[in-house]
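Q: Provide a 3D model corresponding to the input given below.
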Amino acid sequence: MILQIVGLKNSGKTTLMTHTIQLLKVRQLTVATVKHHGHHKTEDNHDIRLQNDQVDHMKHFYAGADQSIVQGNAYQQSVTRTQNKTLDEIIGESVTMDSNIILIEGFKEANYDKVLVYRNESDRNALNHLTHIKYAINLSEPEALCKYDQWLLSFFNIEGMN
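A: Model (predicted):
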């Protein structure tokens, strides 16, 4: 199953993503995430900040490798040179583990079920054109996360969890 968490900048998307991940992991589900870095390039002209070039796999990457992968005891990290891809391409090519749930932060225009995070009615109205909105949340409202948790568990039909 795939669920997007979307909203304007600083609306609480990452806060809700981390909350959602923790809620699902407590229920022993495998979760993969994809984040759209929708911000403009940084001052040093990188789309995203990469690890520094003092670690070996980044030395490989900065020397020109198109992909560099480092494997530790419990983690694997990869950095790949690639042009901007669609969400479907990223899911198909880069999500390499079997997951119960794939959570997406951003990619507002993609055609997956969405949770809309908003700060005020103006923000909510600005995003009303989006498709597949299944739930909307303002994190500053009382009991917002409790109500969201109940909705989420019901939405994913997690047995005995709601």
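
Q: Let me know the outermost residue of this protein.
A: In the chain, counting by CA atoms, centre = their mean, residue 63 sits farthest out from the average C-alpha position, at 29.3 Å.

Q: Phi and psi next, for that one.
A: phi -80, psi -10 (degrees, to the nearest 10).

Q: What distance do you get for residue 137 to residue 68?
A: 38 Å (CB to CB, to the nearest Å). For glycine as for every other residue, the C-beta is placed from the backbone atoms N, C-alpha and C.

Q: what about stretch 117-128, distance to the chain center?
A: 19 Å (CA atoms, centre = their mean, to the nearest Å).

Q: C-alpha coordinates for it, PDB please?
A: The C-alpha trace of stretch 117-128 is given here as PDB (Å, rounded to 0.1, in the frame of the first residue of the first chain):
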ATOM      1  CA  VAL A 117      -1.400  18.500   6.200                       C
ATOM      2  CA  TYR A 118      -2.400  22.200   6.600                       C
ATOM      3  CA  ARG A 119      -1.800  25.100   9.000                       C
ATOM      4  CA  ASN A 120      -5.000  27.100   8.200                       C
ATOM      5  CA  GLU A 121      -8.000  27.100   5.900                       C
ATOM      6  CA  SER A 122      -6.100  29.300   3.400                       C
ATOM      7  CA  ASP A 123      -3.500  26.500   3.000                       C
ATOM      8  CA  ARG A 124      -6.100  23.900   2.800                       C
ATOM      9  CA  ASN A 125      -8.000  25.700   0.100                       C
ATOM     10  CA  ALA A 126      -4.800  26.300  -1.900                       C
ATOM     11  CA  LEU A 127      -4.500  22.500  -2.100                       C
ATOM     12  CA  ASN A 128      -8.100  21.500  -2.700                       C
END
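
Q: in stretch 30-40, what's buried?
A: Under the neighbour-count criterion of 16 or more other CB atoms under 10 Å, stretch 30-40 has 31-34, 36 buried.

Q: got those as a markdown table, with distance to residue 54 columns?
A: Shown next, in a markdown table, are those (distance: CB to CB, whole Å):
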| residue | distance to residue 54 |
| --- | --- |
| 31 | 31 |
| 32 | 29 |
| 33 | 27 |
| 34 | 28 |
| 36 | 28 |
